[in-house]
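>>> Sequence first, then the predicted structure, then my questions.
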Amino acid sequence: MRILIVDDDTVVAGGVTRILESEGFAVDTVARGEQAILAATQERFDLVILDVGLPGMDGFEVLRRLRAEAERVPVLLLTARGAVDDRVHGLDLGADDYMAKPFAVSELAARVRALIRRSQAQAGPKVVHGPLTLDTVARRAFLNGEPLELAAREWAVLEVLLAKVERVVSKDVIIQAVANWGEELSLNAIEVYVSRLRAKLEPAGIRIRTVRGFGYMLEEYKEG
Amino acid sequence: MTIAQMQPVNQAPAGVRPGAMPAVRLMIVEDDTSLATGLMRALANEGYEVTAAASGEEALERMRSEPFDLLVLDIGLPGIDGVELLRRLRAGGYALPVLILTARDAVDDRVRGLDLGADDYMPKPFALPELAARVRALGRRGRGQIGPRIVHGPLVLDTAARRAWLNGEPLEMAAREWSVLQVLLERVERTVSKEAIIEAVAGLSDDLSLNAIEVYVSRLRAKLEPAGIRIRTVRGFGYMLLEHHDRSAR
């Protein structure tokens, strides 16, 4: 899952980035509203954390323009403006959540998880696919009730596939979802993660189909 | 009267026929009768179809027999508390958005509620306008909408679906007319310069003349004035959308 942070305060942006990376998210940061619009409309993010008090185009205007472009990415406004009127204004411009600074790091992380769940249409914090369960809060996986060890990148790739069961996902989309701008991830690397996932999941009857020259598809789980 | 006996309220926004936009069905689970009543009234005024349950057991029972779109949930309930109710709903595959409204305000409580599957968490005491805005945000997401719904007298704009209604009837607008109207609606009773309209309406690549704006405004007037919605010209400067006054109320 990939998150865009829009904040001109490098200390806040850096702190939030570290927290979210430690939770397993791929994170990119921009400091200006114009860059945020460009990034959010040209690339795929699963969430935008948007500061209101930006130089030039402010966060409210960024949000207004994103929604006017029918950009549906979830937006969490993070701002020093904590007045009720500001909150109402931000939410009614199309924000999905609003947190006033200063904030508790653990609450920010929990709200981020809640927003991503909602946008992925997950019913709850546990994602279940046949014998496989992903606890997205504890970041633990279970296969047939037994703990399953997954490296961070394997987890990230699996999450992308799980969000699109029975739909083909291109390798490019997977790369965009698991790597930030600073990381170069090759198509080959994705193949390696998928083959490791297969080795772990296929014995339990969970199949990831290769769609030649394009990408992968996690098949619907069928009993037996 | 207990809140369990209160009739569901179904009240669409003024000028909107229920058939045009089905109301969001919302359940409040709250054992404090006066708070529940106040919330019901406030949210019904926002156009929701509101039901209240005074206990977790009652909420579960109602949810088994009829569908709901959104839940406003107190934590401190008699019997099954809000946390347990939420846990059971998520375990049972109920995906509806849940907003927890509670006196338990510690960060740990918030994190726990959110991580059990709540979508939002508001501590009491709360500001009603903020609760209403958060409920709107959840309702949008739950229905696959992304943008807000704007109501101005008999006019309703669904900004995400890009659909508009006037007196409950679908209203056709060209894309640019829509954009101009949206700018004016965001600044009711304030003058908006033509330049500001151009800036908000045109993409970075477009060139729009002042004359073009005049054309869009005059088309909007032709559509909206029959319903009593007025856009005033502020000579040499721009336009102002006037507050809507319900003529039938005078």
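Cool, the structure landed. This one's a predicted model, so the numbers in the text were calculated from it and none came from an experiment.

>>> Only C-alpha atoms from now on, for both contacts and neighbour counts.
Noted.

>>> which helices and strands does the helix or strand hosting A:Glu21 pack with?
Using DSSP states H and E, the element containing A:Glu21 is helix A:10-22. Applying 3 or more Cα pairs under 8 Å, 6 or more residues apart in numbering or on different chains; DSSP states H and E, one finds that helix A:10-22 makes contact with strand A:2-6, strand A:26-30, helix A:105-119.

>>> any weak-confidence spans in chain A?
Counting by pLDDT under 70, chain A contains low-confidence ranges at A:123, A:224.

>>> Can you give me the domain assignment for it?
Per the record, chain A has its domains at A:2-119, A:126-218, by automatic domain parsing.

>>> Turn those domains into JSON lines, including mean neighbour count.
Output for those, formatted as JSON lines (neighbours: other Cα atoms under 10 Å in any protein chain shown):
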{"stretch": "domain A:2-119", "mean neighbour count": "19"}
{"stretch": "domain A:126-218", "mean neighbour count": "16"}
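
>>> Indicate which one of the ones you listed is closest to B:Met63.
Nearest to B:Met63, of all these, is domain A:2-119, at 19.9 Å by Cα to Cα.

>>> quick one: is the host helix or strand of A:Ile49 near chain B?
Assigned by DSSP H and E, A:Ile49 belongs to strand A:47-51. No: Strand A:47-51 is not in contact with chain B by Cα under 8 Å from any Cα of the partner chain; minimum separation 13.0 Å.

>>> Packing partners of that strand?
Using 3+ Cα pairs under 8 Å, 6+ apart: strand A:47-51 touches strand A:2-6, strand A:75-79, helix A:105-119.

>>> now that strand and helix A:105-119, what's the angle there?
Relative orientation of strand A:47-51 versus helix A:105-119 (axes from the mean of the first three to the mean of the last three Cα atoms, to 10 degrees): 130 degrees.

>>> What is the subsequent helix or strand relative to strand A:47-51?
helix A:59-68.

>>> Just want the angle from the helix holding A:Glu21 to strand A:47-51.
160 degrees.

>>> Output helix A:10-22 in CSV, but only the C-alpha positions, please.
Extracted in CSV, the C-alpha atoms of helix A:10-22 (Å, rounded to 0.1, in the frame of the first residue of the first chain):
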residue,chain,number,x,y,z
THR,A,10,10.2,18.5,6.6
VAL,A,11,10.3,17.5,10.2
VAL,A,12,6.6,16.4,10.3
ALA,A,13,6.9,14.8,6.9
GLY,A,14,10.0,12.9,7.9
GLY,A,15,8.4,11.7,11.2
VAL,A,16,5.2,10.6,9.6
THR,A,17,7.1,8.8,6.8
ARG,A,18,9.2,6.9,9.3
ILE,A,19,6.1,5.8,11.2
LEU,A,20,4.3,4.6,8.2
GLU,A,21,7.3,2.9,6.7
SER,A,22,7.6,1.0,9.9
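
>>> nearest spatial neighbour of B:Val50, skipping sequence neighbours?
Spatially, and ignoring its direct neighbours in sequence, B:Val50 is nearest to B:Leu26 (4.9 Å; Cα to Cα, 6 or more residues apart in numbering or on different chains).
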